[in-house]
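K.L.:
I'd like to go over a predicted model; first the sequence, then the structure.
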Amino acid sequence: MDDKVVTAIGTPNKALVMYWGKRNNRLNLPMNSSLSITLDESLNTRTSIVFSKKIKRDAIYVNGEKHDLEARAQNEKMMLSKRVIDRMRSLSGTKAKALIVSRNSFPTSTGLASSSSGAATLVFAASQALGLKASARELSILARQISGSGSRSLMGGFVKWTKGSKPDGSDSYAEQVASEKYWPEVMDIIAVFTASKKKVSSSEGHDLTLKQSKLYFLRPEYAEDRLEAMSDAIRARDFEPLAEMIMRDSNNMHATMLDTYPPIMYLDDRSREAIYAIHELNQSEGKNIAAYTFDAGPNAHVITLRKYKSKVMGMLGELIGDGKILAAGQGSGPRLLGESESLIDYRSLKPTE
Ligand code: DP6
């Protein structure tokens, strides 16, 4: 298993019932369960990893930037990644150090859920490189400890992350509600208004909202109820009520952010224009054909059905100016890639570029 270079591709997910607020910051244990769709490879993270005795220190390259995982001062995500790699290494019994090289096909830290695909692809690739026989559920527990939303990117289609109640997080994992083949018409069209990094990271945002918002106490129960109703709408392939619940969940979560003191505002004027435009579109159609939902950033995710794709793209096209529109269907979770796709040269054990 040592010296075997493994390359995997994984994708982000878009939450329909969102995770916001942690009951345990160290383990990323959420205040409420959440539900998402795993996106296809139109947006992806490619990660190569090797464990080798020839490597002196654990290191990770993200989009070309090197992070020494053994340096004292670390950013939080790197520290968490190191902890999870250590855990997986001890499960496998090796002491070899790791080189990890990872690339996103889309902008990071902009509310396009880069941390979810990064975390899921990393644990998937590491488990393959180490020969761990871990289930998708076990991998979701590991990915969660890097980034909560990452727990939901280990499986395809519609995925539920159950919040759990145990202090060690062993019952806080993701599972599939319906595979990507169950209702493949559902897709995500993303208006990328900005590719610049957000002012308040989601990790900080979770914490500040929980501590400072007076409205937040209403959110966990609301989200939990919505999740049950949304799962029913998915099973019945009933888009109209699903769309309304998606929009309400986004509004509800952003209301608790705005109620944080000082307020956290991820939405901007273009986000608000998109919200109005989608309500107008639905009104003119006489039914909900599209639903907006926003992560911790201004970019609009519009959940719709394939048959409405060109209508929604046309509407977003008028708002977008010099921004970009991405369209993604549902994906099936991480998978292995061949040697020719590797980001690590297997002879020198160095990044290929
Ligand atoms: C608004 O998973 O990025 O996108 O656990 O601190 O890494 P950490 O937070 P993160 O939070 C995602 C928040 C969200 C909603 C969601 O994806 O459920």
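P.N.:
Received it, and whenever you're ready, just let me know what you need.
K.L.:
So which bits of this structure are right by the ligand?
P.N.:
Contact residues, the chain versus the ligand (CB under 6 Å from any ligand atom): 15, 18-20, 28, 34, 113, 115, 147-149, 202-203, 206, 295-296. For every residue, glycine as well, the C-beta is placed using N, CA and C.
K.L.:
please redo it, this time with the cut-off set to 5 Å
P.N.:
The chain comes close to the ligand at residues 15, 18-19, 28, 34, 115, 147-149, 202-203, 295-296, as judged by CB under 5 Å from any ligand atom.
K.L.:
which residues of this protein score low on pLDDT?
P.N.:
For the chain, the stretches flagged by pLDDT under 70 are 1, 107-114.
K.L.:
And the helices in it, which stretches?
P.N.:
Taking DSSP state H, the helices of the chain run over residues 76-92, 114-130, 136-144, 202-212, 219-235, 239-258, 269-285, 309-320.
K.L.:
Now render these as CSV, adding mean neighbour count.
P.N.:
Shown next, in CSV, are the helices of the chain (neighbours: other CB atoms under 10 Å):
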stretch, mean neighbour count
helix 76-92, 18
helix 114-130, 28
helix 136-144, 24
helix 202-212, 18
helix 219-235, 18
helix 239-258, 20
helix 269-285, 16
helix 309-320, 16
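K.L.:
Tell me where the stretch 1-150 of the chain has strands.
P.N.:
All strands of the stretch 1-150 of the chain, identified by DSSP state E, counting those that start in this stretch, fall at 6-10, 13-17, 22-24, 29-30, 34-38, 45-52, 59-62, 65-68, 97-104.
K.L.:
From the contact counts, what lies against the fourth one?
P.N.:
This points to strand 29-30. Judged by 3 or more CB pairs under 8 Å, 6 or more residues apart in numbering; DSSP states H and E, strand 29-30 is in contact with strand 22-24.
K.L.:
can the residues of the chain next to the ligand go into JSON lines with extra columns for distance to Ala126?
P.N.:
Converted to JSON lines, the residues of the chain next to the ligand look like this (distance: CB to CB, whole Å):
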{"residue": "Ala15", "distance to Ala126": "24"}
{"residue": "Met18", "distance to Ala126": "27"}
{"residue": "Tyr19", "distance to Ala126": "23"}
{"residue": "Asn28", "distance to Ala126": "18"}
{"residue": "Ser34", "distance to Ala126": "24"}
{"residue": "Ser115", "distance to Ala126": "16"}
{"residue": "Ser147", "distance to Ala126": "15"}
{"residue": "Gly148", "distance to Ala126": "18"}
{"residue": "Ser149", "distance to Ala126": "18"}
{"residue": "Ser202", "distance to Ala126": "23"}
{"residue": "Ser203", "distance to Ala126": "22"}
{"residue": "Asp295", "distance to Ala126": "25"}
{"residue": "Ala296", "distance to Ala126": "26"}
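K.L.:
Just give the number of residues close to the closest residue to Thr304 other than its chain neighbours.
P.N.:
Nearest in space to Thr304, with sequence neighbours left out and distances taken as CB to CB, 6 or more residues apart in numbering, is Ala290 at 4.3 Å. Ala290 has 25 neighbouring residues, counting by other CB atoms under 10 Å.
K.L.:
do Ala195 as well
P.N.:
If you count neighbours by other CB under 10 Å, Ala195 ends up with 15.
K.L.:
now do Asp68
P.N.:
Per other CB under 10 Å, the neighbour tally for Asp68 reads 14.
K.L.:
ok, what's across the strand from the closest residue in space to it that isn't next to it in sequence?
P.N.:
Leaving aside its sequence neighbours, Asp68 sits nearest to Ala59 (CB to CB, 6+ apart; 5.4 Å). Going by DSSP bridges, Ala59 is paired in beta bridges with Asp68, Leu99.
K.L.:
Tell me who's in contact with Ala59.
P.N.:
The contact partners of Ala59, by CB atoms under 8 Å, 6 or more residues apart in numbering, come to Lys66, His67, Asp68, Leu69, Ala98, Leu99, Ile100.
K.L.:
same check, this time on Gly150
P.N.:
Counting by CB under 8 Å, 6+ apart, Gly150 touches Ser115, Ser116, Ser117, Gly118, Ala119, Ala120, Val123, Ala143, Arg144.
K.L.:
Gln176 too?
P.N.:
Met155, Gly156, Gly157, Phe158, Val159, Lys160.
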